[in-house]
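# pasting the structure only:
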């Protein structure tokens, strides 16, 4: 199996780190960490998970996440096929809250910066013209050194703090109730669902995977994800159906089957409940949702 890029912690001698990622897939492990993270997708498609939010991602997806906000950019299954030649590319920045020094944020001049960091706790998606401006700046920032690198990051964060083209990702009130020791447990759940959502998945099977009873797992999952496991599974399937409606010349019945729904009527009902329209209307009226 292809090995995805694995992130490293910020070395003590660096204020922050920026890396260009080039790999067959992004890190497919659901995780969180104490650093702030700014991530830009340059190549790659899949499903993005941030906190309790899930949606498709494609090139130009740009997100700022706060400390310990769970996230995952999971590539489509085609990236993990044995003979796949697909590649991903992105730029990631990790920085601590005090990357300018412990006392700097207390200064009056950094009020905008403090406000931005608070907003990042719920995850921020950067879109529109701001996205394109920051994309160029991030690409150039990879090559900068010394003080130029510090100033470059400050310019980027200032633009985000002043932009109106920034969307909050996670619902207000979301709290990461996961413990550091539970990363592997939830990562297994995410991986299993993404690998098998087209099949019939029983909650008991997933609970067994992480050594829990079905009842205990039900309570555990809802407390961590702010939704039931069945709702989570349905969202994964509908997200996949949306991609097929965008890109594949399949009829609604075929898309229903390819997305893991057992009946067409169930697919139509759940799709409309989630998306507000039927799959047929969605396909007819679809407009790109990534307005970068």
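Okay, I see it. Not measured: the values here are computed from a predicted model.
# all helices for the stretch 1-150 of the chain, in order.
111-119, 128-141, 146-162 (DSSP state H, counting those that start in this stretch).
# tell me the domain ranges of the chain?
Domain segmentation of the chain under automatic domain parsing yields 17-168, 180-285.
# any chance of CSV for those domains, columns mean pLDDT, mean neighbour count and distance to residue 11?
C-beta here means a position set from N, CA and C on the backbone, and glycine is covered the same way. As requested, these are exported to CSV (pLDDT from 0 to 100; neighbours: other CB atoms under 10 Å; distance: least, CB to CB, whole Å):
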stretch, mean pLDDT, mean neighbour count, distance to residue 11
domain 17-168, 94, 17, 7
domain 180-285, 90, 16, 21
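# so which of these comes closest to residue 174?
Nearest to residue 174, of all the domains of the chain, is domain 17-168, at 5.0 Å by CB to CB.
# quick revisit: out of the domains of the chain, nearest to residue 10?
Of all those, it is domain 17-168 that lies closest to residue 10, at 5.3 Å by CB to CB.
# distance between that closest one and the chain's centre?
Centroid separation for domain 17-168 versus its chain: 10 Å, with CA atoms, centre = their mean, to the nearest Å.
# okay if I get the domains of the chain as JSON lines plus distance to residue 9?
Formatted as JSON lines, the domains of the chain follow (distance: least, CB to CB, whole Å):
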{"stretch": "domain 17-168", "distance to residue 9": "8"}
{"stretch": "domain 180-285", "distance to residue 9": "14"}
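# related to what we said a few turns ago, closest to residue 271 out of the helices of the stretch 1-150 of the chain?
Of the helices of the stretch 1-150 of the chain, the one closest to residue 271 (CB to CB) turns out to be helix 128-141, at 28.1 Å.
# give the contact list for residue 214.
Residue 214 is in contact with 203, 204, 207, counting by CB atoms under 8 Å, 6 or more residues apart in numbering.
# can you map out the strands along the stretch 1-150 of the chain?
In the stretch 1-150 of the chain, strands defined by DSSP state E, counting those that start in this stretch lie at 17-23, 36-43, 46-50, 53-57, 62-65, 71-75, 88-95, 124-126, listed in chain order.
# done for today, thanks.
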